[in-house]
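Student: sequence first, then the predicted structure:
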Amino acid sequence: MVFINESIKEITLKLVYYGPGLCGKTTNLEHIHGNPKLTGKGKMISMSTETDRTLFFDFLPMDLGTVAGFRIRVQLYTVPGQVFYDATRRLVLRGADGVVFVVDSQKAILEAGLESFQNLRDNLLINQIDPEKIPIILQYNKRDLPDIHSIEELEHAFNPEEKHSHFPAVALRGDGVLATLQRAVQEMIASLAHRFPGAQKPAERPAAVPAPAGIAEPFPETEAAPSPPAPAVSEREQEQERMLQMICQSNENLILLMNSLLEDVKQQQAFLKQFVIRKEN
Ligand SMILES: Nc1nc2c(ncn2[C@@H]2O[C@H](COP(=O)(O)OP(=O)(O)O)[C@@H](O)[C@H]2O)c(=O)[nH]1
Ligand SMILES: [Mg+2]
């Protein structure tokens, strides 16, 4: 959920990279993180094991500069692709302002991609996000590999009504990574302007900005006292407020995600135990 902080004129957007395991989500974030031309990047947090790259999620905050007087920040997340981590996926998706759906172009992976695309729709709906309204950008990745579907075939499978922007990519080399990110940010900002037209004019802040519901909104905005007028906020104070927000938000995210990981692992364990017990018998 977009977080608009009027006092320091800042908007924080949440962009989630979604798709089946090993389609290239983490590689997208690694490329963005490692790109020296992109300034304003924060620390990338990756929760992974040696065997399974994304156990949990990746997180990368970025500062994108100023649009219409508001400083725009974007938080990039990836979800774990494995079937067992559905609760974590749902949680990471909560409050998303946009999604990049990464498709592995290899023919053998098509079915897994389509299942994951359906899982995205289901989990958006569970999070009360309308899949028809949230920007969803398609990235057709791994174009360098043999035995891949053509873009036309992938469009037919994932985007028959041409509702989504799509980009070919070789995330491993960085090809298409920034184009995808740029479009996602553009569409999120356009959608924001549509949802909250008052956001550009602080005096007309819409009363109905939804209450904080999850990981993107750790700081419920308290009602400002009607008077006296707030004193000017110094640069230093703004920076401190931003730092505090970032730390608090990271902690909030970690707590929620740890809880949901525990839920996933318990489910996985219950499932695995059936086999272990059957074998023992
Ligand atoms: N050949 C090729 N490999 C890729 C590409 N993008 C990612 N990979 C590889 O695919 C594997 C899984 O990528 P990863 O980003 O961890 O997938 P995730 O599970 O979606 O996060 C890694 O070995 C990557 O190096 C690509 O465009 N081409
Ligand atoms: Mg990953």
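Tutor: Perfect, I can see it now. Residues are numbered from 1 along each chain as shown. Ligands and ions are numbered 1, 2, ... in the order given.

Student: run through the residues of the stretch 1-150 of the chain sitting next to ligand 1.
Tutor: Listed as neighbours of ligand 1 in the stretch 1-150 of the chain under the rule CB under 6 Å from any ligand atom: 19, 21-27, 53-54, 78, 81, 141-142, 144-145. In this view, the C-beta of every residue, glycine as well, is placed from N, C-alpha and C.

Student: next step: these restricted to strands.
Tutor: Among these, DSSP state E puts 78, 141 in strands.

Student: interface residues of the stretch 151-281 of the chain facing ligand 1?
Tutor: 170, 171, 172.

Student: just the closest of those residues to ligand 2, please.
Tutor: Checking those against ligand 2 by CB to the ion gives residue 171 as the nearest, at 11.0 Å.

Student: the closest one: what's it in contact with?
Tutor: Taking CB atoms under 8 Å, 6 or more residues apart in numbering as the contact definition, residue 171 lies against 24, 27, 28, 31, 102, 139, 141, 142, 177.

Student: so what's the residue count around the residue of the stretch 101-250 of the chain found nearest ligand 2?
Tutor: Proximity of the stretch 101-250 of the chain to ligand 2 (CB to the ion) peaks at residue 102, 9.6 Å away. A total of 29 residues lie near residue 102 under the criterion other CB atoms under 10 Å.

Student: nearest spatial neighbour of it, skipping sequence neighbours?
Tutor: residue 19 (3.8 Å; CB to CB, 6 or more residues apart in numbering).

Student: how far away is the one you found from residue 41?
Tutor: 22 Å (CB to CB, to the nearest Å).

Student: before we move on, the earlier item: tabulate the residues of the stretch 151-281 of the chain next to ligand 1 (CSV), appending pLDDT.
Tutor: Shown next, in CSV, are those (pLDDT from 0 to 100):
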residue, pLDDT
170, 98
171, 97
172, 96
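
Student: could you check which of residue 19 and residue 41 is surrounded by more residues?
Tutor: Higher neighbour count among residue 19 and residue 41: residue 19, with 28 against 16, using other CB under 10 Å.

Student: how about the more buried one, phi and psi?
Tutor: phi 150, psi 170 (degrees, to the nearest 10).

Student: again, but for residue 39
Tutor: According to degrees, to the nearest 10, residue 39 has phi -100, psi 170.

Student: in the sheet, who's paired with the residue of the stretch 101-250 of the chain closest to ligand 2?
Tutor: residue 139 (DSSP bridges).

Student: doesn't residue 142 make contact with it?
Tutor: No: with contacts counted by CB atoms under 8 Å, residue 102 stays clear of residue 142, the gap being 9.3 Å.

Student: touching both of the two, which residues are there?
Tutor: With CB under 8 Å, 6+ apart as the test, residue 102 and residue 142 both reach 23, 24, 171.

Student: contact partners for the residue nearest to the first one when sequence neighbours are not counted?
Tutor: Leaving aside its chain neighbours, residue 23 sits nearest to residue 104 (4.1 Å; criterion: CB to CB, 6+ apart). Shown here is residue 104, whose contacts under the criterion CB under 8 Å, 6+ apart are 19, 20, 22, 23, 24, 112, 113, 141, 142.

Student: and the host helix or strand of residue 180, C-alpha only, in CSV?
Tutor: Applying DSSP states H and E as the criterion places residue 180 in helix 177-195. Extracted C-alpha coordinates of helix 177-195, given in CSV (Å, rounded to 0.1, in the frame of the first residue of the first chain):
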residue,chain,number,x,y,z
VAL,A,177,16.0,-5.3,-16.3
LEU,A,178,16.0,-1.5,-16.1
ALA,A,179,13.4,-1.1,-18.9
THR,A,180,11.1,-3.4,-16.8
LEU,A,181,11.7,-1.4,-13.6
GLN,A,182,11.3,1.9,-15.3
ARG,A,183,7.9,0.9,-16.8
ALA,A,184,6.8,-0.5,-13.5
VAL,A,185,7.6,2.7,-11.7
GLN,A,186,5.9,4.8,-14.4
GLU,A,187,2.8,2.7,-14.2
MET,A,188,2.7,2.8,-10.4
ILE,A,189,3.0,6.6,-10.4
ALA,A,190,0.3,6.9,-13.0
SER,A,191,-1.9,4.6,-11.0
LEU,A,192,-1.2,6.6,-7.9
ALA,A,193,-2.1,9.9,-9.5
HIS,A,194,-5.3,8.2,-10.6
ARG,A,195,-6.1,6.8,-7.1
